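[1] My questions concern the predicted model and sequence given below.
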Amino acid sequence: MATKRNGIQTPTALVTGGSGGIGLEMAKVLARNGFDLVLVARRRDTLEAAAGQIEGTHDVNVNVFASDLRRRETPEVIFDFLHNENIPIEILVNNAGFGLGGEFAETELTRELEMIQVNIAALTHLTKLFLPAMIKRRSGRILNVASTAAFQPGPLMAVYYATKAYVLSFSEALAEELRDSGVTVTALCPGPTRTDFAASAQVTNSRLFAAFGTADASDVAEYGVAAMMHGRRVAIPGIKNKIIAQANRFAPRSVTARVARMFQEAR
Ligand SMILES: NC(=O)c1ccc[n+]([C@@H]2O[C@H](COP(=O)([O-])OP(=O)(O)OC[C@H]3O[C@@H](n4cnc5c(N)ncnc54)[C@H](OP(=O)(O)O)[C@@H]3O)[C@@H](O)[C@H]2O)c1
């Protein structure tokens, strides 16, 4: 159930992938700002640990929803649950996502199709479901976690980079459609960040993760939530990442692809 303070319903933020990494850090920032939370991830134990940690520190209510976004029906199940519990979502953070390194000819297709489902389809589906109520209320914020991978093709991680290009393009287009609607859409584009992501994507030895310098997930989260609250369309944390994103706008795609390949190769 949604909590009420002084008879006013506390606004709720839904964070996918809210049990660890950047998502958990964003959940903490949102809790500090007084938002109740709904956290979605697959593992119930880590979700409950995250909820306990947040509720122990902040005066907010945290609901957990253990569910797999690789399943096509999951967004609908989450939406129906929240609708039945009468929990309106003021902030939707589409953060859950994963990558996979390797030559496309050799990587596992099943994992890549699941990646497209989580990184692209679930994000799109959740946005489709939660957006109408935000438009009706003339209030709401959507934060889609893309990546600096969105700005160029990514050899040796081709599908992942392409999913993030989708997230960036989709978010920017939607932000423009929603101009003056009271609803904002922000694409957060972090560079390499210290979480479980690199190990799960099997890219810990890449130059990008081993030599480029990784950011702290809490710094990325602070930056992303602040950008979302300001209604910024694209948020790139870190000066190095900003420069690379800008440089990518001007360099030929064949060059940016080659540079990205160099970063993806093992050190
Ligand atoms: N770390 C980086 O270097 C980096 C850089 C740029 C962008 N990003 C993006 O940032 C986002 C968060 O990544 P992270 O680095 O924080 O990764 P992470 O530490 O691996 O955390 C991923 C979160 O998503 C959940 N999750 C994974 N698969 C899921 C599924 N099928 N269904 C539901 N939940 C799922 C995980 O919990 P369960 O495993 O329990 O499901 C966990 O809570 C991703 O979209 C990633 O692409 C990361």
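    Arrived safely, thanks for sending.
[2] now residue 18, nearest residue through space, not along the chain?
    Among residues not flanking residue 18 along the chain, residue 39 sits closest, at 3.3 Å (CB to CB, 6 or more residues apart in numbering). All C-beta spots, glycine's among them, are computed from the backbone N, C-alpha and C.
[3] Does the ligand have contacts with the helix or strand in which the one you found is found?
    For residue 39, the host element (DSSP states H and E) is strand 36-41. Yes: using CB under 6 Å from any ligand atom, strand 36-41 reaches the ligand at 40, 41.
[4] Now that strand - C-alpha only, PDB.
    In PDB, the C-alpha atoms belonging to strand 36-41 read as follows (Å, rounded to 0.1, in the frame of the first residue of the first chain):
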ATOM      1  CA  ASP A  36       8.400   5.700  -1.400                       C
ATOM      2  CA  LEU A  37       9.900   3.000  -3.600                       C
ATOM      3  CA  VAL A  38       9.000  -0.100  -5.600                       C
ATOM      4  CA  LEU A  39      12.200  -2.100  -6.400                       C
ATOM      5  CA  VAL A  40      12.200  -4.700  -9.100                       C
ATOM      6  CA  ALA A  41      14.900  -7.400  -9.600                       C
END
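[5] That one pairs with which strands, and in what direction?
    Strand 36-41 sits in its sheet next to strand 12-16 (parallel), strand 62-66 (parallel), going by DSSP bridges.
[6] Neighbours of residue 86, how many?
    By the criterion of other CB atoms under 10 Å, residue 86 has 9 neighbours.
[7] Assign a three-state SS to it, would you?
    Secondary structure assignment for residue 86 (DSSP: H, G, I helix; E, B strand; the rest coil): coil.
[8] Residue 256 against residue 150, yeah?
    No: when contacts are counted by CB atoms under 8 Å, residue 256 is not listed as touching residue 150 (11.8 Å).
[9] Which one of these two is surrounded by more residues?
    residue 150 (24 against 19).
[10] which residue ranges form the helices in the stretch 1-150 of the chain?
    Applying DSSP state H, counting those that start in this stretch to the stretch 1-150 of the chain gives helices spanning 21-32, 44-57, 74-84, 109-115, 123-137.
[11] would TSV of those helices with mean neighbour count, distance to residue 218 and mean pLDDT be doable?
    Shown next, in TSV, are these (neighbours: other CB atoms under 10 Å; distance: least, CB to CB, whole Å; pLDDT from 0 to 100):
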stretch	mean neighbour count	distance to residue 218	mean pLDDT
helix 21-32	24	5	98
helix 44-57	15	13	98
helix 74-84	16	26	97
helix 109-115	15	25	98
helix 123-137	18	23	98
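[12] Redo those helices as CSV? Include distance to residue 228.
    Formatted as CSV, the helices of the stretch 1-150 of the chain follow (distance: least, CB to CB, whole Å):
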stretch, distance to residue 228
helix 21-32, 9
helix 44-57, 18
helix 74-84, 20
helix 109-115, 24
helix 123-137, 13
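[13] Columns distance to the ligand on top of the ones you listed, output as CSV?
    Output for the helices of the stretch 1-150 of the chain, formatted as CSV (distance: least, CB to the nearest ligand atom, whole Å):
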stretch, distance to the ligand
helix 21-32, 2
helix 44-57, 5
helix 74-84, 7
helix 109-115, 7
helix 123-137, 9
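[14] right, and those - which one's nearest residue 230?
    Comparing the helices of the stretch 1-150 of the chain against residue 230 with CB to CB, the closest turns out to be helix 21-32 (13.6 Å).
[15] list the helices and strands the closest one packs on?
    If contacts are counted by 3 or more CB pairs under 8 Å, 6 or more residues apart in numbering; DSSP states H and E, helix 21-32 sits against strand 12-16, strand 36-41, helix 44-57, strand 89-94, strand 140-145, helix 217-229.
[16] What residues does this protein have near the ligand?
    Residues of the chain lying near the ligand (CB under 6 Å from any ligand atom): 17, 19-23, 40-43, 46, 68-70, 95-98, 118, 145, 147, 190, 192-193, 195-197, 200.
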